[in-house]
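Participant: When you get a sec, could you give me coordinates for this:
(one chain, ligands or ions: 1)
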Amino acid sequence: MEKTEWFQKAVQTILDTDEDAAKEIAAKSLEAGMDPLEMINQGFTEGIRKMGDLFERGEVFLPGLIVASEAMTAAVEILEAALPAEKQQEKKGVIVLGTVEGDIHDIGKGIIATMLRVHGYEVHDIGRDVPIEKFIEKAKAVNADVIGSSAMMTTTQIGQRKLEQALKNAGMRDKVITMVGGAVATDHWAQRIGSDFFGESPKDTIMKLEEFLK
Ligand code: B12
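Facilitator: This next block holds a predicted model:
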């Protein structure tokens, strides 16, 4: 089967909200020698994006979106298990990553965490719906070089601004690089709140991070 056919099949399982089929396609694609990262980024991620569009147009409702997200998470777990283990010696930097308070969206944040690990970063994923203080505490505890926050809603985005302020108050702002991401973030938003950069996708994030850490 061509690569694009595998991607299309992955997309379809998400549109069908079929978790069993999603897991099966993930496993079979690995057996067929597909790259797990490509299956995540060009396959399943496309599927959940398409579901998002249908949701926005009112053609899919919240329960459908929830089941699709579960199918996506299950498939991504299988693909992630096939990724090479972290290489401790090659650590390029320590990153604390979480989704801000009030926001339970964590698929994109999880994908960013995986991609950063694969590229040699030590990532501490502190989860979703995370209070600002927890970002700070964790960053201190692991001596983080970078703090990344994800926010998917206009109502929770404010958490990214609060994090910048809290870092300043804690006297830590000059010691860490901050990056923001999520459906509502933009370059303009990052600039406005004083974050170092906005990462649009895993590729964009990794490229910008390497520049900053030089
Ligand atoms: C899946 C989904 C859900 C799932 C989440 C499951 C989960 N475990 O994450 C469920 C069904 C639970 C859900 C719930 C809700 N959702 Co929702 N959801 C989505 C949807 C369709 C897709 C999000 C997604 O996973 N995309 C796929 C991933 C791979 O992409 P991504 O998240 O953008 O992440 C990429 C980049 O942004 C970047 N990135 C992400 N994070 C970070 C962090 C850093 C540091 C960096 C550098 C980069 C980065 O890299 C990622 C990988 O490529 C979006 C629509 C959309 N257009 O985004 C709506 C959306 C985000 N949801 C929305 C809403 C309103 C809700 C609900 C309030 C619905 C409701 N009425 O109850 C609840 C929120 C509950 C809460 N308190 O958080 C709105 C937000 C609107 C707004 N502008 O504020 C959206 C935009 C849909 C819409 N247009 O209405 N949702």
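Participant: Between the two ends of stretch 177-189, how far is it?
Facilitator: 16 Å (CA to CA, to the nearest Å).
Participant: Would you mind listing the buried residues in that stretch?
Facilitator: Of the residues in stretch 177-189, I177, T178, M179, V180, G181, G182, A185, W189 count as buried by neighbour count, 16 or more other CB atoms under 10 Å. From N, CA and C alone the C-beta is placed, and that goes for glycine too.
Participant: cool, and stretch 195-214?
Facilitator: S195, D196, F197, F198, G199, P202, T205, I206, K208, L209.
Participant: can you check stretch 14-31 too?
Facilitator: For stretch 14-31, a neighbour-count test (16+ other CB under 10 Å) marks I14, L15, T17, D18, E19, A21, A22, K23, I25, A26, S29, L30 as buried.
Participant: what's the helix or strand for the first one?
Facilitator: What that stands for is I14. helix 3-15 (DSSP states H and E).
Participant: Next, the buried residues of that helix.
Facilitator: Residues W6, F7, Q8, K9, A10, V11, Q12, T13, I14, L15 are the ones in helix 3-15 that count as buried (16+ other CB under 10 Å).
Participant: For R117, state which of those is nearest.
Facilitator: A10 (21.3 Å; CB to CB).
Participant: Let me know whether the longest helix along the chain sits next to the ligand.
Facilitator: Secondary structure assigned by DSSP state H gives helix 62-81 as the longest helix of the chain. Yes - using CB under 6 Å from any ligand atom, helix 62-81 reaches the ligand at L62, L65, I66, S69.
Participant: And stretch 141-159, by the same measure?
Facilitator: Yes - judged by CB under 6 Å from any ligand atom, stretch 141-159 and the ligand are in contact via G148, S149, S150, M152, M153, T154, T155.
Participant: For the fifth one, which three-state class applies?
Facilitator: What it means is M153. The three-state assignment at M153 reads coil, by DSSP: H, G, I helix; E, B strand; the rest coil.
Participant: how close does the residue nearest to it when sequence neighbours are not counted get to D129?
Facilitator: Nearest residue to M153 in three dimensions, chain neighbours excluded: D103, at 5.9 Å (CB to CB, 6 or more residues apart in numbering). Separation of D103 from D129 (CB to CB, to the nearest Å) stands at 6 Å.
Participant: who has more neighbours, these two?
Facilitator: Set side by side, D103 and D129 show more neighbours around D103, with 22 against 16, by other CB atoms under 10 Å.
Participant: Among the buried residues of stretch 14-31, which ones are in strands?
Facilitator: Using DSSP state E, no member of those falls in strands.
Participant: which parts of the chain sit against the ligand?
Facilitator: Contact residues, the chain versus the ligand (CB under 6 Å from any ligand atom): 45, 48-49, 51-52, 55-56, 62, 65-66, 69, 102-109, 111-112, 148-150, 152-155, 179-184, 199, 201-202, 205.
Participant: Report the buried members of the residues you listed.
Facilitator: So, by 16+ other CB under 10 Å, the buried ones in the residues of the chain next to the ligand are 45, 48, 51, 55, 65, 69, 102-103, 105-109, 111-112, 148-150, 152-153, 179-182, 199, 202, 205.
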